[in-house]
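Visitor: Predicted model and sequence below, questions to follow.
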Amino acid sequence: MRNEMERVKIQNVSDRAVLAAADLNQPGIPSEVVQDYFEKSGLGDRANSVNVSEGLNFRTVSVNADAETPTNFMNLLGIDSLPLRSFAEAEERVNNVEISLVLDISGSMAWDNRIANMQDAAKEFVSTVLRPETQDLVSISLVPYSGHVSAGPNLMSKFNVDYSHPYSHCLEFDDEDFSSATLDRGKTYDQVQHFYWNFDGYSNDTTDPSCPDGANEDIQVLSQDITSLHNQIDALVPTGSTSIFAGMKWAAGLLDPDFQNITTSLVQDNEVDPIFAARPAAYEDEETLKTVVLMTDGEHDYSYRIASRYYANASHASHWNRYNLNWYLANYVHSYYRSSFRYAKYSPSLGNSLLYNICDAAKEKNIVIWSIGFEVTDNGADVMKRCASSPSHFFRVEGVEITSAFKAIARQINQLRLTQ
């Protein structure tokens, strides 16, 4: 019993020591870190050998702690001591990692300092997963979303699109598109209408477009440029409604191997680092982790469209680029006819259903989904938990707690683990 108690004590110290030493963020010399753990535990002479193996993206640390326990009575039988055998090994390894970081920029993010808290947390996440030792191994695709996701003019040009205006760059997805992680390059997409939808009706306010129309709201594809990612996150401005399913659809599509054809074109356009030309990797690639970090501060909202007869040509599109829809209706259209001008394409319940579909499609491809409900209602929390890979992949946070959630996810992605 005394021998076993001593063995367990040494094993526990060994485990803690190698975990600390294998951490790629550990500033100390790994062998000295292990030795320090043993000395602080009063076992300084027990660490017989420490082995360290490390490279650009990994560190493995092991320790042998062999000793003997002298016997008090068993020596009468010729057994003077009992052996202690302890071995521990830990490894932190960053293999190829593809991340879709999906950030809610809907209008409600302007409340209670939410956008600033989210920006601080998202930037710290970027800095945590993009480190010198992960150079050329980790890529982040930044996907801001509100009522829609702006692909930006160049990325949108890689798809077959039936263009109806030049003012913004969002693809109109069909409901069945959310049953697959792939962004179908074979179909022809409609372009989301461009109009300003503010409901107050008291001013010709053109700050809330149906599709985000600023360059800072465009998707940034497969980046490892910390400065560029930080700058875009800092420049995000809350606007519009909430369509979580749209953000998740793009997030999954940017991880789907079929997108690699578009990556090749973006490399040629100098919009993606050539080192990532072969991304997204095949789903079967065991050396690549594909993960989505999806956050929202709300729930799905209604998403409206203008009736086709009032958005039938370039002149109509130009008109709605000059006038806020609801202000125009309140000032120029009789109340009897106003309802005929617009209709709800998506309801909250349909939005939830489409989100579940795309989350399930992504999880079937072994894409790991982390979700963050930021100051959400109980219903909003339930929706986000349902999307996550497991209940433990969901975080419900308030205020500055969002930074802790992003930190926890970043640590998991870095994959520190005890191997033996």
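Guide: Great, that's in hand.
Visitor: how close does Ile358 get to Glu39?
Guide: Distance of Ile358 to Glu39, given as Cβ to Cβ, to the nearest Å: 53 Å. (Each C-beta comes from the backbone N, C-alpha and C, glycine too.)
Visitor: same deal with Gln26?
Guide: For Gln26 relative to Glu39 (Cβ to Cβ), the value is 17 Å.
Visitor: neighbour count winner among Ile358 and Glu39?
Guide: Ile358 (28 against 13; other Cβ atoms under 10 Å).
Visitor: That one: what's it in contact with?
Guide: By Cβ atoms under 8 Å, 6 or more residues apart in numbering, Ile358 lies in contact with 178-179, 181, 245, 248-249, 252.
Visitor: Check what pLDDT Thr377 gets.
Guide: Listed pLDDT for Thr377 reads 95.
Visitor: now Leu77
Guide: On pLDDT, Leu77 comes in at 64.
Visitor: for the one 3 residues further on, same thing?
Guide: Residue-level confidence at Asp80 comes out at 60, pLDDT.
Visitor: cool, and Asn204?
Guide: 91.
Visitor: Does it lie in a helix or a strand, and which?
Guide: For Asn204, there is no host helix or strand (DSSP states H and E).
Visitor: Tell me how far Pro209 lies from Ala246.
Guide: In terms of Cβ to Cβ, Pro209 sits 14 Å off from Ala246.
Visitor: Repeat that for Gln35.
Guide: From Gln35 to Ala246 the distance is 53 Å (Cβ to Cβ).
Visitor: Kindly list the main-chain dihedrals of Phe173?
Guide: Phe173 adopts backbone torsions of phi -90, psi 150, taken as degrees, to the nearest 10.
Visitor: show me what contacts the closest residue in space to it that isn't next to it in sequence?
Guide: Among residues not flanking Phe173 along the chain, Lys249 sits closest, at 6.2 Å (Cβ to Cβ, 6 or more residues apart in numbering). Going by Cβ under 8 Å, 6+ apart, Lys249 touches 149, 173, 177-178, 183, 354, 358.
Visitor: Likewise for Arg396?
Guide: 372-373, 376, 381, 384.
Visitor: for it, helix, strand, or coil?
Guide: Three-state assignment for Arg396 (DSSP: H, G, I helix; E, B strand; the rest coil): strand.
Visitor: Quick check: bridge partners of it?
Guide: For Arg396, the beta-bridge partners are Gly373 (DSSP bridges).
Visitor: Helix, strand, or coil at Ala88?
Guide: Assignment for Ala88 (three-state DSSP): strand.
Visitor: Please report phi then psi for the residue lying closest to it once chain neighbours are set aside.
Guide: Spatial nearest neighbour of Ala88, chain neighbours left out: Ser14 (3.7 Å); criterion: Cβ to Cβ, 6+ apart. When read as degrees, to the nearest 10, the backbone of Ser14 gives phi -60, psi -50.
Visitor: any idea how far Ile140 is from the closest residue in space to Val383 that isn't next to it in sequence?
Guide: Among residues not flanking Val383 along the chain, Asn352 sits closest, at 5.5 Å (Cβ to Cβ, 6+ apart). Separation of Asn352 from Ile140 (Cβ to Cβ): 27 Å.
Visitor: So for those two, which sits in the more crowded spot?
Guide: Ile140 (23 against 20).
Visitor: That one belongs to a strand?
Guide: Yes: according to three-state DSSP, Ile140 belongs to a strand.
Visitor: what about it, distance to Met384?
Guide: Counting by Cβ to Cβ - Ile140 and Met384 are separated by 20 Å.
Visitor: now do Ile99
Guide: Ile99 sits 18 Å away from Met384, taking Cβ to Cβ as the criterion.
Visitor: What of Gln220?
Guide: 23 Å.
Visitor: Tell me which of these two has more neighbours.
Guide: Using other Cβ under 10 Å, the more surrounded residue of Gln220 and Met384 is Met384, with 27 against 22.
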